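**Student:** Return a 3D structure for these sequence lines:
(2 chains)
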Amino acid sequence: MNVRNAARLRVLPRARDALAARPPVDLAARRRRQGQRYRLNVNALRLAVAVIILGGWELAARFPTGHDWELRVGHLGLIDKFFWSQPSDIAQTLWHWIKDGTELGPLGQQVLVTMEETVGGFVVGSILGVVFGVVLGRNRLLSDVLSPYIKGANAIPRVVVGALFAISLGLDIKSKIATASVLVFFVVFFNAFQGVREVDRNLVANARILGANNRQLTSEIIVPSALSWIIASLHTSFGLALVGAVVGELFGATQGVGELIYSSKNLFDTAGVFAGMALLAAMALVAETLITALENRLITWRPPVATEVKI
Amino acid sequence: MVGRTAQCEEMTPAIELRGVTKRFLTPSGAVFIALRDLNMTVESGEFCAVVGPTGCGKSTTLALISGLEPASDGEVQVDARPVNGIIDGIGYVFQSDAVFPWKTVLENVAAGPRYHGVSTREARDRAREWIARVGLAGFEDRYPYQLSGGMRKRVALAQSLINGPRILLMDEPFSALDVQTRNLMENELLGLWSGSRTTVVFVTHDLEEAISLSDRVFVITAGPGTVKSNYKVDLPRPRNVAEIRFQPKFSQIYEEIWNDLRDEVLVSYERQKRGAA
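**Tutor:** Numbers count the residues shown, from 1 in each chain, chains lettered A, B, ... in the order given. You can find the predicted model right below:
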């Protein structure tokens, strides 16, 4: 406490007023500073992880090729760049694709084609999953009758349907959307189904007492309640849609990132394979951000978790 | 008060349970008897409380009256009509939070009228009125998670009362609240009730709460529950629940009912101990 405040303390009759006169600690500002420092730390560490992994990879791939080194240690290289490539080559391939286009055409178009297939499969699969999940979740008889078939279908490694669709639907976008939507459907379906089953019985009783009919019960109680489950499943299922689209392209396509990877593989161009993978990862991250934004938009009624670390 | 009682006697009872038994099938396949041969008559416009030890079937009684659960045996009548399925004109305030977490306070309260076919605009207008009446004006756009436990109970109360129920069922509505909030809510409930002709069935395990609120107290036996006795509480109204307990007549009624209730509580307690051992 400085001299001026001490003087005021003597003047003021009550200690409580003196406390009030003390300049208030700005807790919000302190919290903000702490948060900023924390985020800075996280980002610095993330960068460090990238540098260590990519740098280690690059060094391990370069190590034996230097002439001096080669004489001394021969080909005891840690990583053979013919099989595993190296970050600088991958970056170069990416840059070449961006600048000059790929052997299949401009890079933007490949990304766009795969994105179309993925989003198409994601939308179709999600809608079907939600509809079937809610209907079967609400109808005991139907779900009991169909459950062995659904479980059986789910047990099949579903990417193989890509082969079927490549034959029956042709090599264009339809077969990829179909493959992706099959992968998405089951994840969303099981979550929607479970979400409907987990609805708080008190809420249902309350709605019925208040006069809700079956339709209102479904649209205002059951679906909103299952929505947290459904949206949680959308996070995983977008990744699966991407898998479906790429697998569909591997079974036969003329365009797309999956086809790009496939043709790079045929040329023993591992840098091209890795570059394609990097593109897919970037696409998945962008989509993840969009889904999180959608989630925050749709579920405003949930208490925000203050200390949540976004990964 | 006297005139009102006389009027009640001419009318058919609002709620009548005759020889009601409720059996449940437990997940292990055993039959659990929640209520056995229960008889209860509640006059129209009466505020009655149902007390009993834990697990005696108090909540089940409310579920039967509301039509949420069918009786296994016996007859449940509301306004001289047998109950099968949920009937109109019932309000139900649940023990746990049953307000819809994804709806704002306004949408929660407006739900009832909307379900009854009232236009959204009119439902909202009426909801605003009720929100103000339970002292939540200014909180219309909040979500339940942003409210305290007491405020959520007010939402639940407004949500039930907006439908203008002839019968209001309340299942330990204030048991999760702290004592001060609880007294406040009890007084407000009495205030809202006194202006209406609503019949109230108020389930509680708290005898003090039961006496200070109600005209009649039913004592239920340890499960399987049946009505052991019922007492008329002729304390004057309007009442202040925080002060009424200081009246000599209150403690007299309390003692009388407690003598009945104590045995049941002991039976229930012994059973729980044996179950745990």
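
**Student:** Please identify which helix or strand holds the residue nearest to B:E122 when sequence neighbours are not counted.
**Tutor:** Leaving aside its chain neighbours, B:E122 sits nearest to B:P113 (7.2 Å; criterion: CB to CB, 6 or more residues apart in numbering or on different chains). In short, each C-beta sits where N, CA and C put it, glycine included. Secondary structure from DSSP states H and E places B:P113 in helix B:105-115.

**Student:** for B:W193, same thing?
**Tutor:** Counting by DSSP H and E, B:W193 is part of helix B:179-194.

**Student:** and what of B:Q95?
**Tutor:** Using DSSP H and E, no helix or strand contains B:Q95.

**Student:** follow-up on the earlier one: sheet-wise, list the partners of whatever helix or strand comes next after the helix holding B:W193 with their directions.
**Tutor:** Going down the chain from helix B:179-194, the next helix or strand is strand B:199-204, by DSSP H and E. Taking DSSP bridges as the criterion, strand B:199-204 sits next to strand B:47-51 (parallel), strand B:167-171 (parallel) in its sheet.

**Student:** Give me the mean pLDDT for strand B:199-204.
**Tutor:** Here strand B:199-204 scores 95 as its mean pLDDT.

**Student:** List of residues touching that strand?
**Tutor:** Here strand B:199-204 makes contact (CB atoms under 8 Å, 6 or more residues apart in numbering or on different chains) with B:14-15, B:42-51, B:58-59, B:61-62, B:65, B:166-173, B:175, B:193, B:210, B:213-214.

**Student:** and the spatially most central residue of chain B, bridged to which residues?
**Tutor:** Geometric centre of chain B, nearest residue: B:M170, 2.2 Å, by CA atoms, centre = their mean. For B:M170, the beta-bridge partners are B:V93, B:F202 (DSSP bridges).

**Student:** After the helix or strand of chain B with the lowest mean pLDDT, which helix or strand is next?
**Tutor:** The least trusted helix or strand in chain B, going by mean pLDDT, DSSP states H and E, turns out to be helix B:2-10, with a mean of 45. The C-terminal neighbour of helix B:2-10 among helices and strands, as given by DSSP H and E, is strand B:15-25.

**Student:** Just the buried positions in that following strand, please.
**Tutor:** B:I15, B:E16, B:L17, B:V20, B:T21, B:K22 (16 or more other CB atoms under 10 Å in any protein chain shown).

**Student:** Helix or strand: which one has residue 262?
**Tutor:** I went with chain A, as the question did not name one. Assigned by DSSP H and E, A:Y262 belongs to helix A:257-266.

**Student:** Can you look at chain B instead?
**Tutor:** Here B:R262 is assigned to helix B:248-276, by DSSP H and E.

**Student:** any idea of the pLDDT on the closest residue to chain B within the stretch 51-200 of chain A?
**Tutor:** Nearest residue of the stretch 51-200 of chain A to chain B: A:D200, at 7.8 Å (CB to the nearest CB). pLDDT for A:D200: 92.

**Student:** per-residue confidence at the closest residue in space to B:G223 that isn't next to it in sequence?
**Tutor:** Excluding the flanking residues, the one nearest B:G223 by CB to CB, 6+ apart is B:C56, at 4.8 Å. On the pLDDT scale, B:C56 is placed at 81.

**Student:** Just confirm B:C56 is within a strand.
**Tutor:** No: according to DSSP: H, G, I helix; E, B strand; the rest coil, B:C56 belongs to no strand; its state is coil.

**Student:** which residues touch it?
**Tutor:** B:I220, B:T221, B:A222, B:G223, B:G225, B:E264, B:S268.

**Student:** okay, now the last one: neighbour count?
**Tutor:** Each residue near B:S268 was counted by other CB atoms under 10 Å in any protein chain shown, and the total is 18.

**Student:** how far away is it from A:V49?
**Tutor:** 60 Å (CB to CB, to the nearest Å).

**Student:** hmm, back to that, in the helix holding B:R262, what counts as buried?
**Tutor:** Under the neighbour-count rule (16+ other CB under 10 Å), helix B:248-276 has B:F250, B:I253, B:Y254, B:I257, B:W258, B:D260, B:L261, B:E264, B:V265, B:S268 buried.

**Student:** Would you mind naming what in the stretch 101-250 of chain A lies close to chain B?
**Tutor:** A:200, A:202-203, A:205-213, A:216, A:220-221, A:224-225, A:227 (CB under 8 Å from any CB of the partner chain).

**Student:** And the buried ones among those residues, selectable in PyMOL?
**Tutor:** Remark: buried members of these, expressed as a PyMOL selection using 16+ other CB under 10 Å:
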select buried, chain A and resi 203+205+206+207+208+209+210+211+212+216+220+221+224+225+227
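
**Student:** From the residues of the stretch 101-250 of chain A next to chain B, which land in helices?
**Tutor:** Applying DSSP state H to those, the entries found in helices are A:N202, A:L203, A:A205, A:N206, A:A207, A:R208, A:I209, A:L210, A:Q216, A:P224, A:S225, A:L227.

**Student:** which two in those are spaced the farthest apart?
**Tutor:** Spatially, the most separated pair among these is A:I209 and A:L227, at 22.8 Å (CB to CB).

**Student:** For the spatially closest residue to A:Y262 that is not a sequence neighbour, list the residues it contacts.
**Tutor:** Spatial nearest neighbour of A:Y262, chain neighbours left out: A:L250 (5.4 Å); criterion: CB to CB, 6+ apart. A:L250 makes contact with A:G162, A:G258, A:E259, A:I261, A:Y262 under the criterion CB under 8 Å, 6+ apart.

**Student:** before we move on, the earlier item: please list only the buried members of the contacts of strand B:199-204.
**Tutor:** Among the contacts of strand B:199-204, those scoring as buried are B:14-15, B:42-51, B:58-59, B:61-62, B:65, B:166-173, B:193, B:210, B:213-214 (criterion: 16+ other CB under 10 Å).

**Student:** any chance of the strands paired with strand B:199-204 in TSV, plus mean pLDDT?
**Tutor:** Output for the strands paired with strand B:199-204, formatted as TSV (pLDDT from 0 to 100):
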stretch	mean pLDDT
strand B:47-51	94
strand B:167-171	95
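
**Student:** Which of those sits closest to B:N240?
**Tutor:** In terms of CB to CB, the element of these nearest to B:N240 is strand B:47-51, at 15.2 Å.

**Student:** angle of the closest one against helix B:248-276?
**Tutor:** If you take axes from the mean of the first three to the mean of the last three CA atoms, to 10 degrees, strand B:47-51 sits at 40 degrees to helix B:248-276.

**Student:** Mind listing residues that contact strand B:47-51?
**Tutor:** Looking at strand B:47-51 with CB under 8 Å, 6+ apart, the contacting residues turn out to be B:42, B:58, B:61, B:190, B:193, B:199-207, B:209-211, B:213-220, B:257, B:261.
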